[in-house]
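A.B. asks: With the sequence up front, the predicted model follows.
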Amino acid sequence: MSRIGKKPVELPSGVTATLDGQTIEVKGPKATRSFTATDDVTIAIEDNAVTVTPRGMSKRARQQWGMSRTMVANMVQGATQGFKKEL
């Protein structure tokens, strides 16, 4: 089981998420980001949170589960705070 994948991604106020098939789009005050997940995972938006679940327990499905959840979390962060590099 993926410890990262089990956690839902909370959507803060001012951020909206829309789902079209396997493509999720996150809109916020700083940016709009989209991500298309593989067929190994299912993405759902419920109660102002995004959840990612695997469609099977194969190694690839479990890998995609954690990676997809992290991608969605990074999209939410980028839409609210933006990204910056510090050297």
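C.D. replies: Ah, there it is.
A.B. asks: only C-alpha atoms for contact and neighbour calcs from this point on.
C.D. replies: OK.
A.B. asks: mind checking how far the most centrally placed residue in the chain is from residue 62?
C.D. replies: Among the residues of the chain, residue 72 comes closest to the average C-alpha position under C-alpha atoms, centre = their mean, at 2.0 Å. Applying C-alpha to C-alpha, to the nearest Å, the value for residue 72 to residue 62 is 16 Å.
A.B. asks: who's in contact with residue 49?
C.D. replies: Residue 49 makes contacts with 8, 9, 10, 11, as judged by C-alpha atoms under 8 Å, 6 or more residues apart in numbering.
A.B. asks: any weak-confidence spans in the chain?
C.D. replies: Regions of the chain meeting the criterion pLDDT under 70 cover residues 1.
A.B. asks: Report how many residues lie close to residue 2.
C.D. replies: Look at residue 2: counted by other C-alpha atoms under 10 Å, it has 14 neighbours.
A.B. asks: Look up the closest residue to it, ignoring the ones flanking it.
C.D. replies: Spatial nearest neighbour of residue 2, chain neighbours left out: residue 66 (6.1 Å); criterion: C-alpha to C-alpha, 6 or more residues apart in numbering.
A.B. asks: And the one you found, its phi and psi?
C.D. replies: phi -70, psi -40 (degrees, to the nearest 10).
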